[in-house]
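Participant: Provided below are the primary sequence and the corresponding predicted coordinates.
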Number of protein chains: 2
Amino acid sequence: MVVEIRTRLAQNVRRLREARGWSQEDYADRAGIHRTYVSDIERARRNPTITVVEKLAQPLEVTASELIA
Amino acid sequence: MVVEIRTRLAQNVRRLREARGWSQEDYADRAGIHRTYVSDIERARRNPTITVVEKLAQPLEVTASELIA
DNA sequence: CTGTGACTTTTAGTCCGTC
DNA sequence: AGACGGACTAAAAGTCACA
């Protein structure tokens, strides 16, 4: 892997969230995830399970697959 | 989600592994994962982390993203 | 609004088996 | 060859107070 999968997820989440003009807190609420957990994800500090990736994908209207691409 | 993400992963893994003619154990060794875990994954009993999905993807020469698509 | 350390509970993931 | 169980350890899930 050239770029760590966690880093790709982090970048995709932050990019798409910001494109929608949402704060981490707004986004976290929409995704049903804690605000600080989103913060950790965007800094690639966590190694989430695929169900969390799916939760992250839903409010962004993308697939889980796209988030780790 | 129409089909559970775990189910999609399970189906993709099993299909691609069998296409290569590998046993679960052969595959597990190549992926650096325990054989019982591969068995659980293919039966959609587990909720793996994204790093495990990447490990699963490597010997199959596909991306982690493809495995959960 | 976001980052971070610390924390408890839950589950991922391993390893031993048997059927 | 693969399903499945039990017991275990490592790590993720999930939350909080505070910077």
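Facilitator: Here it is on my side, so go on. Residues are numbered from 1 along each chain as shown, chains lettered A, B, ... in the order given.

Participant: Name the helix or strand for A:Tyr37, please.
Facilitator: helix A:35-42 (DSSP states H and E).

Participant: now for the helix or strand following that helix, which elements pack on it?
Facilitator: Using DSSP H and E, the helix or strand that directly follows helix A:35-42 along the chain is helix A:50-60. Counting contacts by 3 or more Cβ pairs under 8 Å, 6 or more residues apart in numbering or on different chains; DSSP states H and E, helix A:50-60 packs against helix A:5-19, helix A:24-31, helix A:35-42, helix A:64-67, helix B:5-19, helix B:50-60. For the C-beta atoms, the positions are set from N, CA and C on the backbone; glycine is no exception.

Participant: Which secondary structure elements does the second one sit against?
Facilitator: Think helix A:24-31. helix A:35-42, helix A:50-60.

Participant: Buried deepest among those helices, which one?
Facilitator: Ranked by mean neighbour count, the helices and strands packed on helix A:24-31 are led by helix A:50-60 with a mean of 21 (mean count of other Cβ atoms under 10 Å in any protein chain shown).
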